[in-house]
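Student: Coordinates for the following, if possible.
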Amino acid sequence: MGRSPNTKGERIEITDIKLLCKGPDQGGHNFRQCPSWTVALFGGIDCQKDCVKYAVYAFGAQGKRRALVDSGSIPRDESLKFYDVKAKLADIGNFEVVGALRKLTPRFLMDSGFWTHEVYQIVRELQHEQGRNRFILCKGDSHTAGSFKPYRRTGITEVKGPSGEKYTLPSEMEMLLVNGDYFKDQRMKDLMPLSEEVVETLRSVCETDEQFEEALDAIVPFEFPGIESWPDADAFIAELAAEEKVWVGAGSGRSGKDGLGRLRREWRKRRSTMPNDYGDATDYACCAAQRFQIHQWTQEMADEAIERVERGLGNTAYTKAAGEGSHTKHIDGGKRASRGNLRRPDTIEERANQGPL
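Tutor: The predicted model follows:
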């Protein structure tokens, strides 16, 4: 018989996450600031019945470093209709890079799980106003659960409206089907601070130096701003630690074995009343970084692009988000670049000349 779902599972603790919070005096950064090593910003938006929560993360070259830049909650009540959320999302604008002239604009994955049709309409209008790659639809994908595939790409063509009517969305409307288990597993591993004890434990289970270096390289710890500058730190951190991975006990259905009689491992809330929206927003941000292939942006490419941008800016302290230049040409009626060309690392030099980072 397996362990009860109530048994403490595999999880990260709040105290572990707080160890990753460092202000400038500790070599870190403040809330709403991008660390100097930032290459691009990606964010996730989680939609719930009564609010919309978002998180913005800075990513370094090849995704080797990640740091929380901004987070917030947009309430939805009688005084704020869901559709009015669009204006507030559009206002999540540029963030300064510490010690540089650049200002970066994040790209978001927006969850369409709640208020689906309203979210479709919001994203469609935001894409029309700000470019097709600034906001992209996403939702959880149960079909990829347990697999190593982080996401699947699909398109939206026809949906039903709130009153049952059907309408067609543009064929280029993209949706990512996100494997929640994949990103939760990754997040739990990466939220573990790289203390000497963690490194020694990792070394003990690796047979060769090559295995140890690969295992160490696969861990990309999160960096969080100093607590003093982060207004909603406690709530955010609590939601990152709201879930745990448990063995499901013997029985049937949700609390037992699967149809083949095997024990299951599932991600569940530590308490049913604990929200985990910021955790989901973090997973969407990491998925967005993979969607735009941040892992292919080598340090050399990033350094060269940043140097070109800084040199071109001079006294101007504004720069668009990565890749927007090519997309804007398409919106204005120019010839559309292929999907592959928009995402290939060898276009960084071209983007740098347009001030994209």
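
Student: for this structure, what spans make up the helices?
Tutor: Remark: helices assigned in the chain by DSSP state H are 14-18, 85-90, 116-130, 180-190, 196-205, 209-218, 233-240, 277-291, 299-313, 324-331, 339-343, 348-353.

Student: avg pLDDT for the last one?
Tutor: Think helix 348-353. Averaging pLDDT along helix 348-353 yields 40.

Student: hmm, back to that, which of the helices of the chain is buried the deepest?
Tutor: Greatest average neighbour count among the helices of the chain goes to helix 277-291 (a mean of 26), per mean count of other C-beta atoms under 10 Å. Yep, even glycine has a C-beta here, placed from its N, CA and C like the rest.

Student: ok, and what's touching that one?
Tutor: 40, 42-46, 48, 51, 53-57, 59, 63, 66, 71, 107-111, 136, 138, 150-151, 176, 178, 180, 183-184, 186-187, 235-236, 239-240, 242-243 (C-beta atoms under 8 Å, 6 or more residues apart in numbering).

Student: Please spell out the ChimeraX selection for the buried subset of those.
Tutor: Buried subset of those, written as a ChimeraX selection, criterion 16 or more other C-beta atoms under 10 Å:
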select :40,42,43,44,45,46,48,51,53,54,55,56,57,59,63,66,71,107,108,109,110,111,136,138,150,151,176,178,180,183,184,186,187,236,239,240,242,243
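
Student: From one end of stretch 288-298 to the other, what's the distance?
Tutor: End-to-end distance of stretch 288-298 (C-alpha to C-alpha, to the nearest Å): 18 Å.

Student: what do you get for stretch 26-42?
Tutor: 24 Å.

Student: change the start of the numbering to 10 and stick with it
Tutor: Okay, using 10 as the starting number, the last item reads as stretch 35-51.

Student: List the buried residues of it.
Tutor: Of the residues in stretch 35-51, those buried (16+ other C-beta under 10 Å) are 37-38, 40-44, 46-51.

Student: Okay, now the unreliable bits of the protein?
Tutor: 10-17, 87-89, 152-155, 167-171, 173-181, 258-271, 322-366 (pLDDT under 70).

Student: Spatially central residue for it, please.
Tutor: Ala294 (0.8 Å; C-alpha atoms, centre = their mean).

Student: Just give the closest residue to that residue, not the sequence neighbours.
Tutor: Gly53 (4.1 Å; C-beta to C-beta, 6 or more residues apart in numbering).

Student: How about the contacts made by that neighbour?
Tutor: Residues near Gly53 by C-beta under 8 Å, 6+ apart: 63-64, 117-120, 289-297.

Student: Let me know how buried the closest residue to Glu319 other than its chain neighbours is, in neighbour terms.
Tutor: Leaving aside its chain neighbours, Glu319 sits nearest to Leu110 (5.6 Å; criterion: C-beta to C-beta, 6+ apart). Per other C-beta atoms under 10 Å, the neighbour tally for Leu110 reads 17.
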